[in-house]
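Student: Just to be clear, the model below is a prediction. Sequence and coordinates:
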Number of protein chains: 2
Amino acid sequence: MMQGSPAATGKGATRREQILEAASALLLEEGYARFSARGVAARAGLRLSHVQYYFPAPADMLAELLDRFVRRYSDEIRARFAGPGNGEQRLHRALDFLLNDEAYRRDCGIFMLEVASFAARNEAIAAALRRYYAVYLDGFVDMVKALNPALAPRERDRRARQSIAFIEGMAMTRPHMGAKGEADFSAREATRAILRLATAS
Amino acid sequence: MMQGSPAATGKGATRREQILEAASALLLEEGYARFSARGVAARAGLRLSHVQYYFPAPADMLAELLDRFVRRYSDEIRARFAGPGNGEQRLHRALDFLLNDEAYRRDCGIFMLEVASFAARNEAIAAALRRYYAVYLDGFVDMVKALNPALAPRERDRRARQSIAFIEGMAMTRPHMGAKGEADFSAREATRAILRLATAS
DNA sequence: CGAGATATTGGTCATATGACCAATTTTGTC
DNA sequence: GACAAAATTGGTCATATGACCAATATCTCG
């Protein structure tokens, strides 16, 4: 088999998982600037050349991590919005996940902060990011449609984009913008804000 | 004088500017991952040790760049909102700057994407980022107050935070979220969205 | 069991980086 | 002009990194 992308099944697949898990942890703890194939290998208890056998370049790990991120969470978020309750309740459930789920926030932080800057200089990463946002947007268009069926498709798209921008911006600014005397940016506040954004005529 | 922060006036000050300008350009073009004192020196036409004389560690350059960023733009944004016209017109003017001004967008991209991830591992950078957002928030609280004087202070704070999150999120997601058939995220659309966010009861 | 694909090892090599320092030149000031 | 501080040079050193490769072990399937 070609060296570029070794086995997708069997032993190779498990090893691949192990490497990506180490890569993810390393990226989270050290940041992209210190992300290295050697570091991943050390974390996974493997040799450098062993990691390189699966991922010739460090960026290959990032691209695959990003795609997995999309696959892992897109259904999850849709499911939370699809459950019972009225629009506000369902939106709140989805936002509570997007803003407060520990695993999601961790992964999201990795990709939005660490990887996004790399996307400007690596087309493969940029493409993976576009795929991510395409799925994200798709889901939100459905949400906006459910919340405000009267909106024209173009306007619906716009509202969905604005809602996503709001959520991403919240996740990004929250750590650096201390609330004065209260826990701001809670899922409930965010829900109200997005309702204003998405459903107002 | 102590080696840590050489002369703030005279020849040293100009050299400092020159170094920071090179650092800024390098950061923009290569990203934080490839940001190095050597690279800055090469760009500025100086020796490595010369750059290190002014900025012992590479992160020192980033922290100062970030603080300059705050100082440079905080007044500018306030001025645009303070001009003539009704609330919507003034907000639009400010947002047009925040979203479309070339220099601002460039600098903003540097700090939000390249530097923010570093902030998680460097307290000096994190502190500079907090100062940035503190100034930003302060300005937006005033904006929200002008747009909707009836809001209680706590709610006003919240709306300001949400508006900032929206703007930052827009700037961040825009490059990766292609609009379908129209120029989305224009300053006008953003203005309407923020008006919904900030002024709705 | 045997052969070919897959996985794994151990290493080299060129390059890049930040910390560090001693020596020298330039600048400002008395 | 003398003298101290500031600015600048040129270099070393330990370390880290990705690309690369030849050799070996392990697995898989006929």
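Tutor: In hand now; what should we look at? The model shown is predicted, which means the values in this text are computed figures rather than measured ones.

Student: quick one: is whichever strand or helix holds A:Phe166 near chain B?
Tutor: In the assignment (DSSP states H and E), A:Phe166 maps to helix A:153-173. Yes - judged by Cβ under 8 Å from any Cβ of the partner chain, helix A:153-173 comes into contact with chain B at A:154, A:157-158, A:161-162, A:164-170, A:172-173. In this view, the C-beta of every residue, glycine as well, is placed from N, C-alpha and C.

Student: just these now: which is nearest DNA strand D?
Tutor: A:Met172 (25.6 Å; Cβ to the nearest atom of the strand).

Student: The closest one is in contact with B:Glu168, isn't it?
Tutor: Yes - with contact defined as Cβ atoms under 8 Å, A:Met172 counts as touching B:Glu168 (6.0 Å).

Student: which strands and helices sit next to the lowest-mean-pLDDT helix or strand in chain A?
Tutor: In chain A, no helix or strand scores lower on mean pLDDT, DSSP states H and E than helix A:116-119, which sits at a mean of 84. Here helix A:116-119 touches helix A:123-147, going by 3 or more Cβ pairs under 8 Å, 6 or more residues apart in numbering or on different chains; DSSP states H and E.

Student: What mean pLDDT does the helix it packs on get?
Tutor: The pLDDT scores in helix A:123-147 average 88.

Student: Can you pull out the low-pLDDT segments for chain A?
Tutor: A:1-12, A:179-185 (pLDDT under 70).

Student: could you pull out the helices for it?
Tutor: A:11-30, A:37-44, A:48-54, A:58-82, A:87-100, A:102-109, A:116-119, A:123-147, A:153-173, A:187-199 (DSSP state H).

Student: Tell me how far the last one lies from the chain's centre.
Tutor: Its chain's average C-alpha position is 20 Å from that of helix A:187-199, according to Cα atoms, centre = their mean, to the nearest Å.

Student: For the nearest residue to A:Arg68 once chain neighbours are set aside, give me its contacts.
Tutor: Leaving aside its sequence neighbours, A:Arg68 sits nearest to A:Leu20 (Cβ to Cβ, 6 or more residues apart in numbering or on different chains; 7.2 Å). Listed by Cβ atoms under 8 Å, 6 or more residues apart in numbering or on different chains, the contact partners of A:Leu20 are A:Met61, A:Glu64, A:Leu65, A:Arg68.

Student: Might one say that A:Phe166 is in contact with B:Ala165?
Tutor: Yes - between A:Phe166 and B:Ala165 a contact is recorded at 5.9 Å, counting by Cβ under 8 Å.

Student: Find residues that contact each of the two.
Tutor: With Cβ under 8 Å, 6+ apart as the test, A:Phe166 and B:Ala165 reach no residue in common.

Student: Show me the domain layout of chain A.
Tutor: Domain segmentation of chain A under automatic domain parsing yields A:1-56, A:58-199.

Student: Can you say which of these is packed in most?
Tutor: Comparing the domains of chain A by mean neighbour count (mean count of other Cβ atoms under 10 Å in any protein chain shown), domain A:58-199 comes out on top with a mean of 19.

Student: distance between the ends of that one?
Tutor: With Cα to Cα, to the nearest Å as the measure, domain A:58-199 spans 43 Å from end to end.

Student: Any residue of that domain touching DNA strand C?
Tutor: No - for a cut-off given as Cβ under 7 Å from any atom of the strand, domain A:58-199 has no contacts with DNA strand C; the smallest distance is 14.1 Å.

Student: Does that domain reach DNA strand D?
Tutor: Yes - shown here: domain A:58-199 in contact with DNA strand D (Cβ under 7 Å from any atom of the strand) through A:Pro58.

Student: gap between that domain and the chain center?
Tutor: 8 Å.

Student: Same check on stretch A:55-74?
Tutor: 11 Å.

Student: Mind listing residues that contact that stretch?
Tutor: Counting by Cβ under 8 Å, 6+ apart, A:3-4, A:19-20, A:23-24, A:27, A:32, A:35-37, A:40, A:104, A:107-108, A:110-111, A:115, A:118, A:122, A:124-125, A:128-129, A:131-132, A:135-136, A:139 sit against stretch A:55-74.

Student: try 7 Å this time
Tutor: Residues from elsewhere that reach stretch A:55-74 (Cβ atoms under 7 Å, 6 or more residues apart in numbering or on different chains): A:4, A:19-20, A:23-24, A:35-37, A:40, A:104, A:107, A:111, A:115, A:118, A:122, A:124-125, A:128-129, A:131-132, A:135, A:139.

Student: Dump stretch A:26-46 to PDB, keeping only the CA atoms.
Tutor: Extracted as PDB, the C-alpha positions of stretch A:26-46 are listed here (Å, rounded to 0.1, in the frame of the first residue of the first chain):
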ATOM      1  CA  LEU A  26       0.000  17.600  22.700                       C
ATOM      2  CA  LEU A  27      -1.700  20.300  20.600                       C
ATOM      3  CA  LEU A  28      -4.000  21.200  23.500                       C
ATOM      4  CA  GLU A  29      -1.200  21.400  26.100                       C
ATOM      5  CA  GLU A  30       1.600  22.900  24.100                       C
ATOM      6  CA  GLY A  31      -0.100  24.700  21.300                       C
ATOM      7  CA  TYR A  32       0.600  24.600  17.600                       C
ATOM      8  CA  ALA A  33       3.900  26.500  17.900                       C
ATOM      9  CA  ARG A  34       5.400  23.500  19.800                       C
ATOM     10  CA  PHE A  35       3.500  20.800  18.000                       C
ATOM     11  CA  SER A  36       6.000  18.400  16.500                       C
ATOM     12  CA  ALA A  37       6.100  14.900  15.200                       C
ATOM     13  CA  ARG A  38       8.700  14.100  17.800                       C
ATOM     14  CA  GLY A  39       6.500  15.300  20.600                       C
ATOM     15  CA  VAL A  40       3.600  13.200  19.300                       C
ATOM     16  CA  ALA A  41       5.900  10.200  19.100                       C
ATOM     17  CA  ALA A  42       7.100  10.700  22.700                       C
ATOM     18  CA  ARG A  43       3.600  11.000  24.000                       C
ATOM     19  CA  ALA A  44       2.400   7.900  22.200                       C
ATOM     20  CA  GLY A  45       5.500   6.000  23.200                       C
ATOM     21  CA  LEU A  46       6.600   5.500  19.600                       C
END
